[in-house]
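**Q** Got a predicted structure here, sequence first:
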Amino acid sequence: MRLDVFFTPNQVKPIETAGRLVVIVDVLRASTTVATALGNGARTVIPVEGADEVITRSRDFARSQILLAGEHKMYPITGFDIGNSPQAFTPAVVEGKTILITTTNGTRTLLGVQNARDIVIASYVNFSAVLAMMKVAASSNTDIAIICAGEEGSFTLEDAACAGRYVRAIPKRADSIQTNDAAAASVVIEKKYGDNIAKVFKESSHGQALKSAGFGDDLAAAAQVDSYPVVPIYQDRQITKLGPERAR
Ligand code: MLT
């Protein structure tokens with residue numbers, strides 16, 4: 001089976017997602033936010049392309065059922081209920097809600113995936129939950145593609161380091177798993193930082209930008225490994241938590 005990493009979504013050819021388990025990584029912050037929202041009881045998260053579409057889709061719901069969420073250049077969108085700070089998605093705010101969200105890179109990456117077998121959202125906060133699903137896929141010879149959202153088409157250190165943590169954690173029986181060079185490189189990056197995720201964020205340009213913009217607390221939240229043990233799965237244009245009420 002294949003286990004490939006793509007450092008940006010524009011590197012991915014449709015054939016590289018078809019039939020695969022696709023794992024989307026946008027550690028800062030969309031993946032972390034989605035896992036936090038679902039972990040704190042949101043009913044579903046609907047990712048859409050752009051603020052206008054959030055408004056359009058919101059008309060399908062009673063206003064009390066939904067939250068309008070997302071960021072533009074890191075900040076909450078004017079008129080929306082909530083931005084893209086994982087910490088804002090508390091149980092009191094999200095319990096039972098449908099969250100319509102748009103973000104610069106994370107939602108765009110997700111919406112661009114074609115013909116995958118399953119699409120899941122991964123980060124440090126739900127690391128082991130997604131890893132368990134990846135291990136099941138690997139043991140049944142399902143190919144896996146880890147797609148880093150990156151930043152406006154560019155490589156990001158934090159997504160690569162998180163991808164490397166996954167690649168490293170999947171047991172490789174001799175010759176049974178083939179990886180691409182980006183997967184090998186992601187492991188090199190992960191080994192450099194190990195559990196010092198705060199250092200990854202400190203040295204990453206988006207981590208630095210978030211800190212300067214006053215979102216330093218989001219970095220601390222995003223570094224909490226396994227704080228939200230959920231598998232967010234994207235099916236039928238919405239992301240829900242894999243579990244008894246949502247089998248795949
Ligand atoms: C994105 O999807 O582009 C990011 O989550 C941006 C952000 O940090 O809000």
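**A** Arrived safely. What you are looking at is a predicted structure, and each value in this text was computed from that prediction instead of being measured. Residues are numbered from 1 along each chain as shown.
**Q** Just the residues contacting stretch 12-22, thanks.
**A** Stretch 12-22 is contacted from outside by 2, 4, 6, 112-120, 133-134, 137, 142-145, 147, using Cβ atoms under 8 Å, 6 or more residues apart in numbering. (Each C-beta comes from the backbone N, C-alpha and C, glycine too.)
**Q** show me the residues around D118 that make contact.
**A** Neighbouring residues of D118 by Cβ under 8 Å, 6+ apart: 21-22, 133, 233, 235, 248.
**Q** Narrow the residues you listed to just the buried residues.
**A** Among those, those that count as buried by neighbour count (16 or more other Cβ atoms under 10 Å) are 21-22, 133, 233.
**Q** Which two among those are spaced furthest apart?
**A** Spatially, the most separated pair among the buried ones among the contacts of D118 is V22 and M133, at 11.4 Å (Cβ to Cβ).
**Q** Spell out which residues are contacts of both of the two.
**A** 118, 120.
**Q** quick one: low-confidence parts of the chain?
**A** Residues of the chain that meet the criterion pLDDT under 70 lie in 174-175, 244-248.
**Q** Around the ligand, which positions in it sit nearby?
**A** Applying Cβ under 6 Å from any ligand atom, we find that the chain lies next to the ligand at 26, 28-30, 71, 74, 84, 103-106, 149, 210.
**Q** from the middle of its chain, how far away would the one helix or strand V120 maps to be?
**A** V120 belongs to strand 118-122 when assigned by DSSP states H and E. Strand 118-122 has its C-alpha centroid displaced from the chain centroid by 7 Å (Cα atoms, centre = their mean, to the nearest Å).
**Q** Which SSE is immediately downstream of that strand?
**A** helix 127-139.
**Q** strand partners of the next helix or strand after that following helix, parallel vs antiparallel please.
**A** Going down the chain from helix 127-139, the next helix or strand is strand 144-148, by DSSP H and E. If you go by DSSP bridges, strand 144-148 pairs up with strand 2-6 (parallel), strand 21-25 (parallel).
**Q** tilt between strand 144-148 and helix 127-139?
**A** Angle of strand 144-148 versus helix 127-139, following axes from the mean of the first three to the mean of the last three Cα atoms, to 10 degrees, is 140 degrees.
**Q** Might you report the residue contacts of R168?
**A** By Cβ under 8 Å, 6+ apart, R168 lies in contact with 187, 190-191.
**Q** Give me the buried entries from those.
**A** Using 16+ other Cβ under 10 Å as the burial test, the contacts of R168 include 187, 190 as buried.
**Q** Quick one: the contacts of R168 as JSON lines, columns for secondary structure too.
**A** Output for the contacts of R168, formatted as JSON lines (DSSP: H, G, I helix; E, B strand; the rest coil):
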{"residue": "V187", "secondary structure": "helix"}
{"residue": "E190", "secondary structure": "helix"}
{"residue": "K191", "secondary structure": "helix"}
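**Q** ok, so of the contacts of R168, who is nearest the ligand?
**A** The ligand lies nearest to E190 out of those, by Cβ to the nearest ligand atom, at 20.5 Å.
**Q** Tell me the buried residues in stretch 19-36?
**A** Buried residues in stretch 19-36 (16+ other Cβ under 10 Å): 20-36.
**Q** Alright, I will stop here.
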